[in-house]
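1. Need a 3D model of the sequence below.
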Amino acid sequence: MDDLESVKQLKYRYLRALDTKDWDVFAETLTVDVTGEYGSSLRFGNRAELVEYMRSSVGPAVITEHRVTHPEIDIEGDSATGRWYLQDRVIVPDFQFMLIGAAFYRDRYRRTDQGWRICATGYDRTYEAKMSLADVPSFALDVGPAIRV
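-> Here you go, the predicted model:
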């Protein structure tokens with residue numbers, strides 16, 4: 001697999017692991033010294049902080065869907081940068097809440113002995129829409145077996 005395809009597969013694995021709550025695989029997509037900046041208020045300085053935040057904040061009671069498209073990836077030796085268009089949805093049934101939004105991810109990647117890993121990630125929102133599911137009387141949710149509890 002060439003470097004470009006490897007970086008794409010890495011990002012897809014990061015998102016799959018996030019949405020299925022597979023925190024071991026999620027952690028494996030990141031370098032130990034990864035930095036994260038999600039919007040203006042969420043910042044992380046290493047893998048342990050980032051993974052623990054996701055594990056505790058986006059646990060089994062929170063359903064997420066992250067889709068990225070339109071990758072713009074530049075590879076220079078053992079480093080790469082990437083920009084992705086993100087569309088996401090967050091559903092919190094216990095609070096009858098749903099968020100849909102879009103953003104542009106900006107990532108940096110580093111080639112390691114284990115392959116490409118994300119060494120910096122974050123996004124800038126283009127919009128975020130929030131709604132109460134109580135306003136949607138027909139809303140029903142069935143969660144499939146892919147999500148780890």
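2. residue ranges of the helices in the chain, please?
-> Per DSSP state H, the chain carries helices over the ranges 3-20, 23-28, 47-57.
3. Could you save those helices as JSON lines and add columns showing mean pLDDT?
-> Listed next are the helices of the chain as JSON lines, based on pLDDT from 0 to 100:
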{"stretch": "helix 3-20", "mean pLDDT": "97"}
{"stretch": "helix 23-28", "mean pLDDT": "98"}
{"stretch": "helix 47-57", "mean pLDDT": "96"}
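4. quick one: which of those is nearest R108?
-> Nearest to R108, of all the helices of the chain, is helix 3-20, at 10.6 Å by CB to CB. Placement of C-beta: from N, CA and C, glycine included.
5. Name the residues that touch the closest one?
-> Applying CB atoms under 8 Å, 6 or more residues apart in numbering, the set of residues contacting helix 3-20 from outside is 1, 22-23, 25-26, 29-30, 54, 58, 64-68, 71, 73, 75, 80, 82, 84, 105, 107, 109, 111, 115-118, 121, 146-148.
6. what pLDDT does the closest residue to T69 other than its chain neighbours get?
-> Spatially, and ignoring its direct neighbours in sequence, T69 is nearest to Y85 (5.1 Å; CB to CB, 6 or more residues apart in numbering). Y85 carries a pLDDT value of 98.
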